[in-house]
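# Can you look at this prediction? I've put the sequence above it.
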Amino acid sequence: MREPAVLTTLGGVRTVTGSRFLVEVGDRRVLVDAGLFQGLKDLRERNWDPFAVSPRTIDAIVITHAHLDHCGYLPRLVNAGFRGPVFVTYDTGKLMSVVLPDSGRLQEEEARFANRAGYSRHRPALALYTEDDAWTALDRLRPVHFDEDLEIVPGVRARYEVAGHILGSSSVRMTLGNVPGEEVTVTFSGDLGRQEHPLLRPPAPIGDTDWIVIESTYGDREHASDDTVDRLAELIDRTVGRGGKVIIPAFAVDRTEVLLYHLHQLSEQGRLPAVPIFVDSPMALAALSVYRDAIDGHAVDVRDDLHGDGTLFELPDLDEVLDAEGSKAVSRMSGPAIIIAGSGMASGGRVVHHLEKFLPDPANSVALVGFQAAGTRGRSLMDGADSVKIHGRYVPVRAEVCDLSGFSVHADGSELIDWLGTATREPSGVFVVHGEERASLALRTRIMDELGWNAVVPTDGERLDLHIARPARPTRRNASVAVSPISTPGDEGGEDAGMPMTIEDARARLTVADHAVLSTLDPDRGVHAVPVCFALVGDHVVVPVDRVKPKSSTALRRVDNLDADPRATLLADHWDRHDWRQLWWVRADLARVDDADVDISLRTALTQALRDRYVQYRTAEFAALVVFDIVSVSGWAATS
């Protein structure tokens, strides 16, 4: 029997933060990435919401790389009861052991500072999680090698392949199902690097896959030509000539290393002024150590020509700032300097204090060297704000601000299209995620126009059926199902237009359908049909009756007609207007179960099934539950 396979988007859709994708195969659950929401306030507040499913029900977590928008929510999940393994590449695990405790420590520090300064609306301000919470979460990490298949949970296998974004970053190919010939493959891009990353190998080709989940951070833009390093050198010369400081908000992982590499190259070419260079980030310095070890250790994803080169990050005037007192001393010093500090979007960390001190002085400059998400200080600076809010007050922006996004280690729109082109066949569909809505929609359009593929930008909380239409010929078990093939545009019908499903396939499709139409017989008005939410438990279907309708849900409002005739029919269908081959429908004939025959244990299981299935029902109270026995199930699918 084919098990249901479903992908649910729980974050990282139509926004560039909070990547969280839930894969369900039968009763097993695997979460791909556990990202922190960052940027806009309404996004950040989602970090405090209860998770969409109970963390205790998640069997395993797969992390694609060590940036917080992909792994920063993990301590919160562990605090809430997650107890399974977390699979990571070796260097991703090392970098997570740097970034997660630092994240917890910063959140504790910011909560204490907010309480002292009194600028938080909350009394007291709390940390989302602590440094100790982060270390507890790290105990769950299980390292894996690149390019090796492993079983995550029964019926779910994964293969980590080089993504070239940061050290250890991976694209993950997951194979779902145990039945030979019925497996489904879905490839998660993670964050993809560029073809010409100065330190890392380019992303591995896709090969053969049924579905692709692709990031779209730069889906609507192209990186500038290769003059970014020259523009940085010119900015440094201008600023030093004014006697000012160059402030560079930089991600601790990879961006700082890439900057030091390019500064090293400029120094070797005699193009770097003799001024102090401060790396004011303990996390960046710890990550730098991981990069040095990986280069010395010939890591799989490091460029072959750099293996063993210990001079890549050497600079004559480099000063590594380890503690808060040293950071304060940097802010007090006079004269020109280059200050590299986290965080990369200026949303937190030591760079915020430097910006507060140096933004009002026109002698200084700020170099923005990466993506700046909406709602961050970095985005405000990039958009030309004349002031930014720091520690509860507005700081004037008089320093020169220079956008050097060419330093980004994200693939741009054309590079994303090129990566998709490494698939050996057209997939059944492409889900465009992890990008602001404009970027995701732009990439979707390019995929459809340039590749001719079916592409979708999902919505938050959307459940996506991952089964491929592989209809079977009628057998003894379904030969009695009277279903005729349906003609499609440009098709005159015939046996290749579509075929009935097996009973097992029909039940599996019914399990993954989000909504359906329930038809009952009304004694006064004939057939009464209404769209409903529903859930299956064994041979039972449950439909909620909800007089106070939650947002974005459907429910029965009247059930008196079922008292006269207990028969009902549930019809679920799916049609993708871009690809008729994904057309299918399922019909279940039902008989209502008397309320007195539904015991407490069954009612509890049915209620929990609804809550697990629909985000909007996590806390809603049902006026009643209508329970049905499944009498028969049939279905039809187009030929793929």
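Sure thing, it's come through.

# need the helices for the stretch 501-640 of the chain, in chain order.
503-512, 560-564, 600-613 (DSSP state H, counting those that start in this stretch).

# The stretch 101-250 of the chain too?
So, for the stretch 101-250 of the chain - with DSSP H, counting those that start in this stretch - the helices run 131-138, 228-241.

# Generate a markdown table for the ones you listed, with distance to Pro55, mean pLDDT and mean neighbour count as supplementary columns.
Where C-beta positions appear, they are placed from N, C-alpha and C, glycine not excepted. Listed next are these as a markdown table, based on distance: least, CB to CB, whole Å; pLDDT from 0 to 100; neighbours: other CB atoms under 10 Å:
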| stretch | distance to Pro55 | mean pLDDT | mean neighbour count |
| --- | --- | --- | --- |
| helix 131-138 | 11 | 96 | 19 |
| helix 228-241 | 41 | 95 | 18 |
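
# Tell me which of those lies nearest to His434.
helix 131-138 (21.8 Å; CB to CB).

# Reformat the helices of the stretch 101-250 of the chain as JSON lines; add distance to Lys389.
As requested, those are exported to JSON lines (distance: least, CB to CB, whole Å):
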{"stretch": "helix 131-138", "distance to Lys389": "26"}
{"stretch": "helix 228-241", "distance to Lys389": "24"}
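
# So Phe87, which state does it fall into?
strand (DSSP: H, G, I helix; E, B strand; the rest coil).

# ok, residues contacting stretch 97-111?
Stretch 97-111 is contacted by residues 36, 66-68, 71-72, 74-75, 120, 124-135, 137-138, 252-253, 282-283, 286-287, 290, 348-349 when judged by CB atoms under 8 Å, 6 or more residues apart in numbering.

# Show me what the mean pLDDT comes to for it.
Mean pLDDT, stretch 97-111: 89.

# what's the answer for stretch 629-640, then?
79.

# rewinding a little: so which of the helices of the stretch 501-640 of the chain comes closest to Ser334?
When the helices of the stretch 501-640 of the chain are compared by CB to CB, helix 600-613 sits nearest Ser334, at 60.5 Å.

# Show me which positions of stretch 45-55 end up buried.
Of all the residues in stretch 45-55, those buried under the rule 16 or more other CB atoms under 10 Å are 46-47, 51-55.

# er, stretch 98-110 actually
Within stretch 98-110, the residues scored as buried using 16+ other CB under 10 Å are 98-108, 110.

# what's the closest of the residues you listed to Gly384?
Nearest member of the buried residues of stretch 98-110 to Gly384, counting by CB to CB, is Glu110, at 26.6 Å.

# Can you show me the strands along the stretch 1-150 of the chain?
5-11, 20-25, 28-32, 60-62, 86-89, 141-144, 149-153 (DSSP state E, counting those that start in this stretch).

# Among those strands, which comes closest to Val631?
Nearest to Val631 among the strands of the stretch 1-150 of the chain is strand 5-11; the distance by CB to CB comes to 24.9 Å.

# Adjacent strands (with direction) for that closest one?
Based on DSSP bridges, the pairing partners of strand 5-11 within the sheet are strand 20-25 (antiparallel), strand 463-465 (antiparallel).

# can you give me the angle it makes with strand 28-32?
40 degrees (axes from the mean of the first three to the mean of the last three CA atoms, to 10 degrees).

# Restrict strand 5-11 to CA atoms and write it as PDB.
C-alpha atoms of strand 5-11 as PDB (Å, rounded to 0.1, in the frame of the first residue of the first chain):
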ATOM      1  CA  ALA A   5       3.600  11.700   1.300                       C
ATOM      2  CA  VAL A   6       3.000  15.400   2.100                       C
ATOM      3  CA  LEU A   7       5.100  18.500   2.300                       C
ATOM      4  CA  THR A   8       3.800  21.300   4.600                       C
ATOM      5  CA  THR A   9       5.300  24.800   4.500                       C
ATOM      6  CA  LEU A  10       5.700  26.100   8.100                       C
ATOM      7  CA  GLY A  11       8.000  29.000   7.300                       C
END
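
# chain center to it: distance?
The chain centre lies 10 Å from the centre of strand 5-11; the measure is CA atoms, centre = their mean, to the nearest Å.

# Residue numbering should commence at 630 henceforth.
Happy to do that; since the first residue is 630 now, the last one works out to strand 634-640.

# Which positions in stretch 1008-1027 come out as buried?
1008-1011, 1017, 1019, 1024, 1026.

# same question for stretch 887-896, mean pLDDT?
Confidence over stretch 887-896 (mean pLDDT, whole number) is 94.

# Next: stretch 796-812.
92.

# List the buried residues in it.
For stretch 796-812, burial by neighbour count (16+ other CB under 10 Å) applies to 796-807, 811-812.

# gap between the two ends of it?
One end of stretch 796-812 to the other measures 31 Å (CA to CA, to the nearest Å).

# quick one: the strands in the stretch 1130-1269 of the chain?
Going by DSSP E, counting those that start in this stretch, the stretch 1130-1269 of the chain shows strands at 1144-1151, 1155-1162, 1164-1166, 1169-1174, 1196-1205, 1208-1221, 1253-1267.

# And those strands, which one averages the lowest pLDDT?
In terms of average pLDDT, strand 1155-1162 trails the rest of the strands of the stretch 1130-1269 of the chain, at a mean of 71.
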